[in-house]
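Colleague: Sequence isn't available, so here's the structure alone:
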């Protein structure tokens, strides 16, 4: 009940400038980093300060607030610690009540893939946008590792030039 299903994956991504053309694009609008001192193996109480810092940085860079986002995609793979961390951050940063604010974690379908999960999260968002089954176009991605490093970024699935 407090573990993960192992998985295997390899991934690559092409990063290029935003082009002004009609094809839909996944655009990163904000990026943030943090360090969690109370990481999964630490004896300190979890306060989610590292992930909060990372998400605040991404929100500031993208010029939006947590309630402006449509849903979340994360690297969480089954350990309770990471779900608690995501819940603590939500309590700290979401200041406007949302009826729904889904959290997607692709590892529940494919298992724990290690570092490939970041790119897998991008692929999940790309197809959610392309096939129109996503909960919206403004998404928070967040990820972390066992030693406390946390990252977050905001992306927009743009279906038009202005999207």
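Modeller: Thanks, I have it. Nothing here was measured: the structure is a model prediction, and the numbers come from that model.
Colleague: Name whatever forms a beta bridge with the residue nearest the centre of the chain.
Modeller: Nearest to the geometric centre of the chain sits residue 141, at 1.5 Å (Cα atoms, centre = their mean). Using DSSP bridges, the beta-bridge partners of residue 141 come out as residue 73, residue 153.
Colleague: what's the spacing between it and residue 29?
Modeller: 11 Å (Cβ to Cβ, to the nearest Å). All C-beta spots, glycine's among them, are computed from the backbone N, C-alpha and C.
Colleague: Identify the contacts common to these two.
Modeller: 154-155 (Cβ atoms under 8 Å, 6 or more residues apart in numbering).
Colleague: Run through who's touching the helix or strand that contains residue 33.
Modeller: Using DSSP states H and E, residue 33 maps to strand 25-35. Applying Cβ under 8 Å, 6+ apart, the contact partners of strand 25-35 are 18-19, 49-64, 122, 125-126, 129, 148-158, 163.
Colleague: Relative to it, what are the paired strands and their orientations?
Modeller: Sheet pairing for strand 25-35, assigned by DSSP bridges, gives strand 149-158 (antiparallel).
Colleague: Out of the contacts of strand 25-35, which sit inside strands?
Modeller: Per DSSP state E, strands hold the following members of these: 149-158.
Colleague: picking that back up, from what I can see the residue nearest to the centre of the chain touches residue 119, true?
Modeller: No. Using Cβ atoms under 8 Å, residue 141 is not in contact with residue 119; the gap is 10.9 Å.
Colleague: got the residue ranges for the helices in this structure?
Modeller: 49-62, 80-93, 107-110, 117-130 (DSSP state H).
Colleague: From the chain's centre, how far out is the third one? Work that out for me.
Modeller: To tie it back to what came earlier, the one meant is helix 107-110. 15 Å (Cα atoms, centre = their mean, to the nearest Å).
Colleague: What residues of that helix count as buried?
Modeller: Of the residues in helix 107-110, 107, 110 count as buried by neighbour count, 16 or more other Cβ atoms under 10 Å.
Colleague: Which elements pack onto that helix?
Modeller: Helices and strands touching helix 107-110, as assessed by 3 or more Cβ pairs under 8 Å, 6 or more residues apart in numbering; DSSP states H and E, are absent.
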